[in-house]
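Colleague: Sequence below, structure please.
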Amino acid sequence: MKTITIRKPDDWHCHFRDGAMLKAVAPLTARHFGRAIVMPNLAPDPVTTTEALLSYKERVLEATSEFPQFTPLMTYYLTDNSSGEEIAQGFTDGVATAVKLYPAGATTNSEHGVTDIKKVYGVLESMQKVGMPLLIHGERLAYDDGSRVDPYDREKLFIETTIEPLLKDFPELKVVLEHATTKEAVQFVQSQNSDRLAATFTVQHLMLARADMFEGGLQPHLYCLPPIKRDEHRDVLRKAATSGDSHFFLGTDSAPHPTTAKERATGCAAGIFTAPAALEFYAQIFDEMGALENLEAFTSLNGPRFYGLKPNEETITLERTPWTINELVSVENGDAIRPFGYHEDETKRLTLNWSVQ
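Modeller: Numbering: from 1, shown residues only. Prediction:
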C-alpha cells in the first residue's frame, strides 16, 4: 500500500499551553486535525471558570487562525471547589466539551487538582445529568496510610480504588481514562464493554517501553506521566489500539516543554511533544501491526462516536515516504521545544515511513 486516505482525525487530548508557547505549538495540531480536546492545566492559573475558558478559547482560535476549519474543544479543570452548576451550564450552552480530573500533584500543573474524589461528587452528579464527559488522569499517588505508591503501580491502583467505585456510584456518567498505559487499563475498559467508558492512547505509550528511557544513559525527553511501562503493557496497548475496538481512540497528550525544562539537573518536566508528527507515528504503529485498515476508526471515528459528534467530512492522505524530523520547534520568546523523534545526532533520529500529503 503506497497511500492511505482517511477521514480527517481528531486529537482527544492535547496541551497547547499559553502565550508564546501556544502560538508555536497549536498550529502543528490544527494543520492535521479537525478538532482537539484542549487541556486546561495552564500555569499559574488553570481554566476553572467559564470566563477563563472562553478567554482561553479566543487565544487558541487566534493562534490557529491559519487553519479556520480547526475546532478547539474546551475543558474545565476540576478542583475541590468547582461549581457543578457552572460546569453543567457551560456544557449545556455548548462552550465546554468536558471536565478534566487531575489528582492533586499527579502531573504538570496539577497542584490545584482534586484531593479526594468524594469532594467532587456533587459536580459529577451535575455532569451526569447533562451527559458531560469526565476525562481522568488515572493515577493514585498515596495509599490510605499516606505512604507513597510506586509510580509504575499508580494507574492500576487508581482503576481498582477510584474508577471502579466511580462508575458504580454514577451509572450514567461518561468517562475517558486518558493516556492509558497498562494492560490492566485495557482489560478494565474491555470488561466493562460500555458506551460510557473509553480510553485514549498516546504515541509514546504505543511505541516505547520503559527501558528506552535509560538506553544509552537517562533520556529526559522520554519522561512523561504516567510513565512508560514494560514491554508487556505496550504490546497489549498496541493490540487494543489497532483492533478496531470502538472503546479506544487517539489522544496524543502532546505536551510541549522548553528544552531547558527537560534538560536540567533536577525537576525534569514531564511530557513528550508529539504534535509535529503525531498522525504519521500512529500510521507507522498501525502499519507495523498489519492493521492499516483500522487506522481510520482509531483516529477519526471512535472518538466522535463517544462524544456524540459527527466525523469530520474532510479527508487526509498519507503516503509511504520515509523522512525524519530534523529541527527543534522555535518559540518567539527564544525557547525551543524538542519533538519526539528528533535527536541532535542525525543518525539517531527516528525514521517515519508515512508522510501527510
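Colleague: Give me the neighbour count for the closest residue to Leu318 other than its chain neighbours.
Modeller: Closest residue in space to Leu318, ignoring its immediate chain neighbours: Trp354 at 4.6 Å, by C-beta to C-beta, 6 or more residues apart in numbering. C-betas here are computed from N, CA, C, even on glycine. A count of nearby residues for Trp354, using other C-beta atoms under 10 Å, gives 24.
Colleague: And the contacts of the helix or strand harbouring Met127?
Modeller: Take DSSP states H and E as the rule and Met127 turns out to sit in helix 121-130. With C-beta atoms under 8 Å, 6 or more residues apart in numbering as the test, helix 121-130 has contacts from 78, 82-85, 87-88, 91-92, 99, 132-134, 166, 169-170, 172-173.
Colleague: From these, list just the buried residues.
Modeller: Buried by 16 or more other C-beta atoms under 10 Å: 78, 82-84, 87-88, 91, 99, 132-134, 166, 170, 173, out of the contacts of helix 121-130.
Colleague: Including secondary structure, distance to Glu332 and pLDDT, could those go into CSV?
Modeller: Shown next, in CSV, are the buried ones among the contacts of helix 121-130 (DSSP: H, G, I helix; E, B strand; the rest coil; distance: C-beta to C-beta, whole Å; pLDDT from 0 to 100):
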residue, secondary structure, distance to Glu332, pLDDT
Leu78, coil, 32, 98
Ser82, coil, 33, 98
Ser83, coil, 36, 98
Gly84, helix, 39, 98
Ile87, helix, 34, 98
Ala88, helix, 38, 98
Phe91, helix, 34, 98
Val99, strand, 32, 98
Met132, coil, 36, 98
Pro133, coil, 34, 98
Leu134, strand, 35, 98
Leu166, helix, 42, 97
Phe170, coil, 44, 98
Leu173, coil, 41, 98
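Colleague: So which residues of this protein form strands?
Modeller: Here the chain has its strands, by DSSP state E, at 3-7, 11-14, 35-38, 71-77, 98-101, 134-136, 175-177, 197-201, 248-250, 315-324, 329-330, 336-337, 351-356.
Colleague: and the longest helix along the chain, what does it pack onto?
Modeller: Using DSSP state H, we find that the single longest helix of the chain is helix 50-63. Packing partners of helix 50-63 (3 or more C-beta pairs under 8 Å, 6 or more residues apart in numbering; DSSP states H and E): helix 19-30, strand 35-38, strand 71-77, helix 84-92.
Colleague: The stretch 101-250 of the chain: helices as residue ranges?
Modeller: For the stretch 101-250 of the chain, applying DSSP state H, counting those that start in this stretch gives helices covering 121-130, 154-158, 164-169, 183-192, 203-207, 231-241.
Colleague: where does the first one sit relative to the chain's centre, distance-wise?
Modeller: Yep, that's helix 121-130 we're talking about. Centroid separation between helix 121-130 and its chain, computed with C-alpha atoms, centre = their mean, to the nearest Å, is 23 Å.
Colleague: could you dump it to PDB, C-alpha only?
Modeller: These are the backbone C-alpha positions of helix 121-130, laid out as PDB (Å, rounded to 0.1, in the frame of the first residue of the first chain):
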ATOM      1  CA  TYR A 121     -19.300  14.000  43.800                       C
ATOM      2  CA  GLY A 122     -21.800  17.000  43.600                       C
ATOM      3  CA  VAL A 123     -20.100  18.200  40.400                       C
ATOM      4  CA  LEU A 124     -20.100  14.700  39.000                       C
ATOM      5  CA  GLU A 125     -23.800  14.400  39.700                       C
ATOM      6  CA  SER A 126     -24.400  17.600  37.800                       C
ATOM      7  CA  MET A 127     -22.300  16.400  34.900                       C
ATOM      8  CA  GLN A 128     -24.100  13.000  34.800                       C
ATOM      9  CA  LYS A 129     -27.500  14.800  34.500                       C
ATOM     10  CA  VAL A 130     -26.400  16.700  31.400                       C
END
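Colleague: buried set for that helix?
Modeller: Across helix 121-130, burial judged by 16+ other C-beta under 10 Å covers Val123, Leu124, Ser126, Met127, Gln128.
Colleague: Any regions of the stretch 101-250 of the chain where pLDDT drops low?
Modeller: Under the criterion pLDDT under 70, no range of the stretch 101-250 of the chain is flagged.
Colleague: Do I have it right that Lys174 meets Leu135?
Modeller: No. Judged on C-beta atoms under 8 Å, Lys174 makes no contact with Leu135 at a distance of 9.5 Å.
Colleague: Quick check, central residue of the chain?
Modeller: Asp253 (2.8 Å; C-alpha atoms, centre = their mean).
Colleague: Check that one and give its pLDDT.
Modeller: The model reports Asp253 with a pLDDT of 98.
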